[in-house]
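Q: I would like the atomic coordinates for the input below:
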Amino acid sequence: MHAEIIAVGSELLSPFRQDTNSLFLTERLNLLGIDVGFKSVVGDNQAQLVSVARIALDRSDLVIFMGGLGPTEDDLTREAVAQALNLPLRRDPDLVAKLYARFANRRIKMSENNLKQGDVIAGAVPLENPNGSAPGQWLEGSVGHLNKVVILLPGPPQELKPLFDAQCMERLRVRYKNSQQFIASRELKVALMGESECDSRIAPIYKKHPEVETTILARPGEVQVHLRATAASQEAAEKMISDLSEKIEDELDDFVFSRAGESLEQIVEYYLEMRGATIAVAESCTGGMIGERLTSLSGSSRSFLGGAIVYSDDLKTLFSNVPPLLIAEHGAVSREVAAAMAEGIRRQCKSTYGLAVTGIAGPKGGTEEKPVGLVYHALSDGKKTDVVKRLFPGDRERIRWAASQQALDMVRRRLM
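A: Numbers count the residues shown, from 1 in each chain. Predicted structure coming up:
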């Protein structure tokens, strides 16, 4: 069976708001073995809502509407779904009484337009919303002329999530217990390998396993390989995933840095703590991004000591002890300066490792000899200093992120 999720709200079609509720609902539905076949976003227009609702009801067994249950004129989900199902709306006296009580408890006069939140589609069960004034609705069985489940949920996440967990999960479990399937998934993250190279290496492997859905997604500095399998038992689904995952990992070897969705900084922190090591950073073109990523993790103070953003040549000398003559001879963006930055910050902070990045993020500042995207990364432990030169494509943001990814991957590989 397939589910469909419809997010309602013109604001979701603007560049300023995005739907995140559907990610939560998809996760919950997958736990029940329910696939999500379609997702839609539709504005606050009744004709368009009715059209989308009719299409969804025709092709999906379970249809969930999110949003459009408020009191204003542009909250039209109840009306549109009722029209799509050819069912009337009725005003529920118990819901109306609860609305009056809610406003009275807050010592606020209720506006007349709030009464529409007491309107229920004929045959629907109201779903109490303790965190807001808009109740949800559940229609099960013969919905109009169709044998479907239709759920209406409020749009605010702080209302939708607890309502769905408390009042929909068990209903869905019971409803679909005889047709339940089990879903297993895994996310492999691959560091600093292009999407095309990754796919060319693993496509011959995953094509032999059509029972596992394989999706490859490219991100700056990494590729994500998503594996998903459906089976009659959780054990069978997990085995299908594990068998394919092991083969892919064998092929990609240490390019795979995560098997459970962890970020690269999480893996680096794990290795640092496991080794009892500490690190400090000297950042130029990344402007503190590496430090921000490492300190975004709880408990990072056990391994991350600090560092400096040494954007100017003077601060490269002041905070990471780079000799001015070295900068004058080789330039701030060079192998020699990167190595000196790494060792200098390590000594300054008395850390196990010193990590440094210097480069040209653009869009200006590049030359034929040193183009935009050129970045040097260095890692020093006082005995050995590794330097990696990379030329990253893309805009300034993409280059800076990829540079931070390369720097963290250097640490991971040294500590493995």
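
Q: Name the surrounding residues that touch stretch 245-252.
A: 186, 188, 190, 193, 198, 201-202, 205-206, 225, 227, 256, 259 (C-beta atoms under 8 Å, 6 or more residues apart in numbering). All C-beta spots, glycine's among them, are computed from the backbone N, C-alpha and C.

Q: what's near enough to touch the closest residue to Ala7 other than its chain neighbours?
A: Spatial nearest neighbour of Ala7, excluding adjacent residues (C-beta to C-beta, 6 or more residues apart in numbering): Asp19 at 4.2 Å. By C-beta under 8 Å, 6+ apart, the contact set of Asp19 is 7, 12, 39, 41, 66.

Q: Scan those and report the most crowded one.
A: With neighbours set by other C-beta atoms under 10 Å, the maximum within those is found at Met66, which has 28 neighbours.

Q: bridging residues for it?
A: Ala7, Leu153 (DSSP bridges).

Q: Give me the pLDDT for the residue lying closest to Ala277 once chain neighbours are set aside.
A: The spatially closest residue to Ala277, leaving aside those adjacent along the chain, is Thr352, at 4.0 Å (C-beta to C-beta, 6+ apart). Among the per-residue scores, Thr352 shows a pLDDT of 98.

Q: Now do the contacts for Thr352.
A: The neighbours of Thr352, taking C-beta under 8 Å, 6+ apart as the test, are 275, 277-279, 346, 381.

Q: from those, which is closest to Leu153?
A: Nearest to Leu153 among those is Ile279, at 45.1 Å by C-beta to C-beta.

Q: Need the max-distance pair from the contacts of Asp19.
A: Maximum pairwise distance among the contacts of Asp19 (C-beta to C-beta): 11.3 Å, between Leu12 and Lys39.

Q: which regions of this protein lie under the pLDDT threshold?
A: 142-146 (pLDDT under 70).

Q: any idea how far the residue of it most remote from its centre is from Val36?
A: Using C-alpha atoms, centre = their mean, the residue of the chain lying farthest from its centre is Leu325. It sits 45.5 Å away. Distance check for Leu325 against Val36: by C-beta to C-beta, to the nearest Å, it reads 62 Å.

Q: Repeat that for Leu152.
A: The value you get for Leu152 to Val36, if C-beta to C-beta is used, is 17 Å.

Q: Also Lys389?
A: Counting by C-beta to C-beta, the gap from Lys389 to Val36 is 44 Å.

Q: higher neighbour count, these two?
A: Under the neighbour definition other C-beta under 10 Å, Lys389 and Val36 were set side by side, and Val36 has more, 18 against 13.

Q: partner residues bridging the more buried one?
A: Using DSSP bridges, the beta-bridge partners of Val36 come out as Ala3.

Q: quick one, what contacts it?
A: By C-beta under 8 Å, 6+ apart, the contact set of Val36 is 2-5, 22, 25-26, 29-30.

Q: nearest to Lys98, of the residues you listed?
A: Nearest to Lys98 among the contacts of Val36, with distances taken as C-beta to C-beta, is Leu25, at 25.1 Å.

Q: where does that closest one fall, phi/psi-wise?
A: Main-chain torsions, Leu25, degrees, to the nearest 10: phi -60, psi -40.

Q: Just to check, it is in contact with Ile5?
A: Yes - using C-beta atoms under 8 Å, Leu25 is in contact with Ile5, at 5.6 Å.

Q: which residues do the two both contact?
A: Joint contacts of Leu25 and Ile5 (C-beta under 8 Å, 6+ apart) are 36, 64, 66.

Q: all helices of the chain, in order?
A: For the chain, the helices defined by DSSP state H cover 21-31, 46-59, 77-85, 93-105, 157-167, 169-175, 195-206, 234-252, 264-275, 289-295, 313-320, 324-330, 335-349, 396-415.

Q: quick one: which of the ones you listed is nearest Glu140?
A: Going by C-beta to C-beta, the one of the helices of the chain nearest Glu140 is helix 169-175, 6.6 Å.

Q: list the helices and strands the closest one packs on?
A: If you count contacts as 3 or more C-beta pairs under 8 Å, 6 or more residues apart in numbering; DSSP states H and E, helix 169-175 packs onto strand 136-143.

Q: again, only this time at 10 Å
A: Applying 3 or more C-beta pairs under 10 Å, 6 or more residues apart in numbering; DSSP states H and E, one finds that helix 169-175 contacts helix 21-31, strand 62-66, strand 136-143, strand 146-153.

Q: how much space is there between the nearest residue to Trp138 once chain neighbours are set aside and Asp92?
A: Excluding its sequence neighbours, the residue lying closest to Trp138 (C-beta to C-beta, 6+ apart) is Val125, at 4.5 Å. In this view, Val125 and Asp92 are 10 Å apart by C-beta to C-beta.

Q: now swap in Ser22 and tell me
A: Ser22 is 28 Å from Asp92, by C-beta to C-beta.

Q: now Ser296
A: As for Ser296, its distance to Asp92 is 46 Å (criterion: C-beta to C-beta).

Q: ok, now Ser40?
A: To Asp92, Ser40 is 28 Å away according to C-beta to C-beta.

Q: in stretch 19-32, what's buried?
A: Within stretch 19-32, the residues that count as buried by 16 or more other C-beta atoms under 10 Å are 19, 21-22, 25-26, 28-30, 32.

Q: any idea which of these is closest to Ile55?
A: Once C-beta to C-beta is applied, the member of the buried residues of stretch 19-32 that ends up nearest Ile55 is Ser22, at 16.9 Å.

Q: returning to that earlier point: out of the helices of the chain, which gets nearest to Gly221?
A: Nearest to Gly221, of these and by C-beta to C-beta, is helix 396-415 at 2.9 Å.
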